[in-house]
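A.B. asks: This is a predicted model, with the sequence first.
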Amino acid sequence: MLRTLAAFFLLTLSAAPAGAAVRFADWTPATIGAVMETAATRDGYVMVVITQPDWCPGCIQLDRELLRNPQAEGIAALTADWQVLEVLGYDEPDATFLAEQGLGFLGTPTTLLLRPQQGDQRLGDARQVAAIVGYPEDYEARLRQAAEGYDAIVVAQAAVRERNDVAALEGLAQAYLAAGRAEPARRVFRSLLLREELTAEQRRDIALRGILQPTQRVENDHARTLEELEEWAGRYPEGRSRQDFMYAKAWALLATGQLDAAAAYIDEVYAGSGDAETVAQYLYLAFREPTRTLLPAAEARARAAITEFPEQAARFYSAHGRLLRRMGRLEEAERAFAAAVGQAAPDNPSLGTYQGQLEFVRRELASRGS
């Protein structure tokens, strides 16, 4: 299982003593019921870390600095009695497991803090106490606050009553999303759209986030996402060229199995682009998408991008390496990641990510006896 392989590699990297970092539970989809029963019996928590530690910058940083840091005694003490699960967000079979368990997430890493009760059958049935997206500086403090009963929704509701401004409503929407409550978040987004002080650009942005965050990411309802995106594009036709719209539509088409339509749309909006950001997004989409149908063409595009955008060579070497690794071409992936590390300046904020990718693939090669 890829989740187990990733955990093994990262444990090898950190060599943390058992009591000095988060202790991840030994679980399989078949034993989740027992994990939840244990937490419910103790009136405790299940912490789900949705990660991609082989390529996600925030995931690599979270692992190195906190979860598997031998010096991270605070997080070790906080989670000592919790059931902590590590799940790959985009790789099979863990991605299917997340969907079957009714869990949505807003990106990697996402940390969900759940409080199961007796009789809960799936992780998604448990009360979601908090969700932390990414690796913010106050990650540990947020976990501790949530475990101590801090209710972000109540606090956000009070802010709305006190100020009733756009920022307060935005905070309430995010609090609902963090609790996995898509419908209340959707209602807040609709309320935001009624605010007269919004600019046209703000209105367009909020309307799109009101689709992407609750519908596509929390609910994983890709059919509804396509319907809502089409309605949004009808209201804001100038927004069809937005990268977040293009990516969301392509992903939803792939996720609903409309492969011919997806291929035609991806060719329309991404093929032949000379914009580095658009190319990078296309390569990321090809790497992530579950069908792997985009990989051959994307691998060739990544190789070309290295010379086409020499000032961003490290970035595209890394993208090339990810694609090669997903295609099982590990030796080539190792060379690509090594090139990314070699090309990156010492102050490049992504250097740590490139180094983590190189370390990961080297351990994967070692595990295969290469």
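C.D. replies: Structure's in. What do you need? A quick note: this is a predicted structure, and the numbers were derived from the prediction, not measured.
A.B. asks: Hmm, residue 193 is touching residue 206, no?
C.D. replies: Yes - shown here, residue 193 and residue 206 form a contact pair, counting by C-beta atoms under 8 Å, at 6.0 Å. No exception for glycine: its C-beta is placed from N, CA and C like everyone else's.
A.B. asks: Neighbour count for these two, which is higher?
C.D. replies: Legend: neighbour count by other C-beta atoms under 10 Å for residue 193 and residue 206, higher for residue 206 (20 against 14).
A.B. asks: Spatially nearest residue to that one (excluding sequence neighbours)?
C.D. replies: Spatial nearest neighbour of residue 206, excluding adjacent residues (C-beta to C-beta, 6 or more residues apart in numbering): residue 192 at 5.1 Å.
A.B. asks: Residue 353 now?
C.D. replies: residue 57 (4.2 Å).
A.B. asks: What residues does residue 279 make contact with?
C.D. replies: When contacts are counted by C-beta atoms under 8 Å, 6 or more residues apart in numbering, residue 279 touches 270, 273, 301, 305, 308-309, 316.
A.B. asks: Quick check: residue 239 vs residue 227, distance?
C.D. replies: 16 Å (C-beta to C-beta, to the nearest Å).
A.B. asks: Compare the two and say which is more crowded by neighbours.
C.D. replies: Higher neighbour count among residue 239 and residue 227: residue 239, with 18 against 13, using other C-beta under 10 Å.
A.B. asks: Surely residue 116 and residue 39 touch.
C.D. replies: Yes - Residue 116 lies in contact with residue 39 (C-beta under 8 Å); the separation is 5.0 Å.
A.B. asks: mind checking the end-to-end distance for stretch 92-111?
C.D. replies: One end of stretch 92-111 sits 19 Å from the other (C-alpha to C-alpha, to the nearest Å).
A.B. asks: starting at the chain centroid, how far to that stretch?
C.D. replies: Centre-to-centre, stretch 92-111 and its host chain are 9 Å apart (C-alpha atoms, centre = their mean, to the nearest Å).
A.B. asks: Pull out the buried positions in that stretch.
C.D. replies: For stretch 92-111, the buried set under the neighbour-count rule, 16 or more other C-beta atoms under 10 Å, comprises 94-95, 97-98, 101, 103-106, 108-111.
A.B. asks: before we move on, the earlier item: buried by neighbour count, from the contacts of residue 279: which ones?
C.D. replies: Listed as buried from those are 270, 301, 305, 309, 316; burial here means 16+ other C-beta under 10 Å.
A.B. asks: To which secondary structure element is the last one assigned?
C.D. replies: Put plainly, it is residue 316. Residue 316 belongs to helix 313-326 when assigned by DSSP states H and E.
A.B. asks: Tell me which other helices or strands that helix touches.
C.D. replies: For helix 313-326, the elements it packs on are helix 276-288, helix 295-308, helix 330-343, helix 351-367, judged by 3 or more C-beta pairs under 8 Å, 6 or more residues apart in numbering; DSSP states H and E.
A.B. asks: quick one: pLDDT of the closest residue to residue 122 other than its chain neighbours?
C.D. replies: Distances taken as C-beta to C-beta, 6+ apart place residue 101 nearest to residue 122, at 4.8 Å, with adjacent residues excluded. Model confidence at residue 101, given as pLDDT, is 90.
A.B. asks: now swap in the one 4 residues further on and tell me
C.D. replies: The pLDDT attached to residue 105 in the predicted structure is 79.
A.B. asks: Residue 370 now?
C.D. replies: Listed pLDDT for residue 370 reads 50.
A.B. asks: I'd like the distance between residue 329 and residue 99.
C.D. replies: 28 Å.
A.B. asks: least trustworthy helix or strand in this structure by mean pLDDT?
C.D. replies: Least confident helix or strand of the chain, by mean pLDDT, DSSP states H and E, is helix 2-14 with a mean of 40.
A.B. asks: Give me the next element, helix or strand, following that one.
C.D. replies: That would be, after helix 2-14 and using DSSP H and E, helix 32-41.
A.B. asks: that older thread, neighbour-wise, which of residue 116 and residue 39 wins?
C.D. replies: residue 116 (26 against 23).
A.B. asks: ok now do residue 107, which residues does it touch?
C.D. replies: 133-134, 217.
A.B. asks: Redo those residues as TSV? Include pLDDT and secondary structure.
C.D. replies: Formatted as TSV, the contacts of residue 107 follow (pLDDT from 0 to 100; DSSP: H, G, I helix; E, B strand; the rest coil):
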residue	pLDDT	secondary structure
133	88	strand
134	91	coil
217	86	helix
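A.B. asks: wait, the residue nearest to residue 353 sits on residue 352?
C.D. replies: Yes - if you go by C-beta under 8 Å, residue 57 and residue 352 touch, sitting 7.5 Å apart.
A.B. asks: Between those two, which is the more surrounded one?
C.D. replies: The neighbour comparison of residue 57 against residue 352 (other C-beta under 10 Å) goes to residue 57, with 19 against 16.
A.B. asks: distance of the more buried one from residue 90?
C.D. replies: 14 Å.
A.B. asks: what does residue 313 give?
C.D. replies: Distance, residue 313 to residue 90, by C-beta to C-beta: 25 Å.
A.B. asks: Which pLDDT value goes with the closest residue to residue 87 other than its chain neighbours?
C.D. replies: Ranked by C-beta to C-beta, 6+ apart and with sequence neighbours excluded, the top spatial neighbour of residue 87 is residue 94, at 4.9 Å. Residue 94 is assigned a pLDDT of 80 by the prediction.
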